[in-house]
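Colleague: sequence first, then the predicted structure:
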Amino acid sequence: MDNKERVIELLQKVNRPGIEKLINWLEKSTFFTDPASTKYHDAEEGGLLNHSLLVYDNYVALTGKEDETTIITCLLHDVCKIGTYKKVMKNVKSENGQWIQVESYDYQDDGMPYGHGEKSVLMISHFINLTKEEMLMIRWHMGAYESKEVWNNLGKAQEMYPSVLYIHFADMMASKGIHYKR
């Protein structure tokens, strides 16, 4: 089974009204082919898909949980990135000091200028209802990479639901290419 099939199979385990519409939307979108970033991690075609699955696998290894909340939050935490990375040619210096053009990605969000986690919560909520825990997990999955001004709210969310901290750990490990095994 390839990664796209695996994501769809996992999402089909979610028993909520609207999940089929969400899956159809993902299939029509660029979720399965987009990169996960411009240069930091998984900056290649299919990177968003691979990153999302690795977050899921790391979260399951860390917590032992394989429930609907795990599926929804880990696989969909970065849906805000769908369609925001555009292929461009960039000039870079080669090893011998010559300028060459290489294919790269630029971030171009032409949609709603909303915060990273908040935007994913909003996009998912168009299809399915999220629990309070799921909203906080997705909203705060970036952890301390959020601006210092909101760290008090981050801390409160982590105290309310330790899963907020675990998804951050799983996301950070995935962004470093770490496939955690218990």
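Modeller: Great, that's in hand. Numbering: from 1, shown residues only.

Colleague: for the residue most central in space within the chain, give its distance to residue 167.
Modeller: The residue lying closest to the centre of the chain (CA atoms, centre = their mean) is residue 78, at 2.7 Å. The gap separating residue 78 from residue 167 is 11 Å, by CB to CB, to the nearest Å. (Each C-beta comes from the backbone N, C-alpha and C, glycine too.)

Colleague: now swap in residue 102 and tell me
Modeller: Per CB to CB, residue 102 is found 33 Å from residue 167.

Colleague: who has more neighbours out of these two?
Modeller: Legend: neighbour count by other CB atoms under 10 Å for residue 102 and residue 167, higher for residue 167 (30 against 10).

Colleague: where in this protein is pLDDT low?
Modeller: Counting by pLDDT under 70, the ranges of the chain that qualify are 146-147.

Colleague: in it, where's the longest helix?
Modeller: If you go by DSSP state H, the chain has its longest helix at helix 47-63.

Colleague: which positions within stretch 4-22 qualify as buried?
Modeller: 4, 7, 10, 11, 14, 19, 22 (16 or more other CB atoms under 10 Å).

Colleague: could you do stretch 38-45 as well?
Modeller: Buried residues in stretch 38-45 (16+ other CB under 10 Å): 38, 41, 42, 45.

Colleague: quick one: which of these is nearest residue 145?
Modeller: Of all the buried residues of stretch 38-45, residue 145 sits closest to residue 41, with 12.5 Å by CB to CB.

Colleague: is that closest one in contact with residue 176, as I believe?
Modeller: Yes. Shown here, residue 41 and residue 176 form a contact pair, counting by CB atoms under 8 Å, at 7.3 Å.

Colleague: convert the C-alpha atoms of the longest helix of the chain to PDB, please.
Modeller: Presented in PDB, the C-alpha positions along helix 47-63 are these (Å, rounded to 0.1, in the frame of the first residue of the first chain):
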ATOM      1  CA  GLY A  47       6.700  15.800   1.200                       C
ATOM      2  CA  LEU A  48       3.500  17.000   2.900                       C
ATOM      3  CA  LEU A  49       2.000  13.500   2.700                       C
ATOM      4  CA  ASN A  50       5.100  11.800   3.900                       C
ATOM      5  CA  HIS A  51       5.600  14.300   6.800                       C
ATOM      6  CA  SER A  52       1.900  13.800   7.900                       C
ATOM      7  CA  LEU A  53       2.300  10.100   8.000                       C
ATOM      8  CA  LEU A  54       5.500  10.300   9.900                       C
ATOM      9  CA  VAL A  55       3.900  12.600  12.500                       C
ATOM     10  CA  TYR A  56       1.100  10.000  12.800                       C
ATOM     11  CA  ASP A  57       3.600   7.100  13.200                       C
ATOM     12  CA  ASN A  58       5.700   9.000  15.800                       C
ATOM     13  CA  TYR A  59       2.600  10.000  17.800                       C
ATOM     14  CA  VAL A  60       1.400   6.400  17.900                       C
ATOM     15  CA  ALA A  61       4.900   5.300  19.000                       C
ATOM     16  CA  LEU A  62       5.100   8.000  21.700                       C
ATOM     17  CA  THR A  63       1.600   7.500  23.100                       C
END
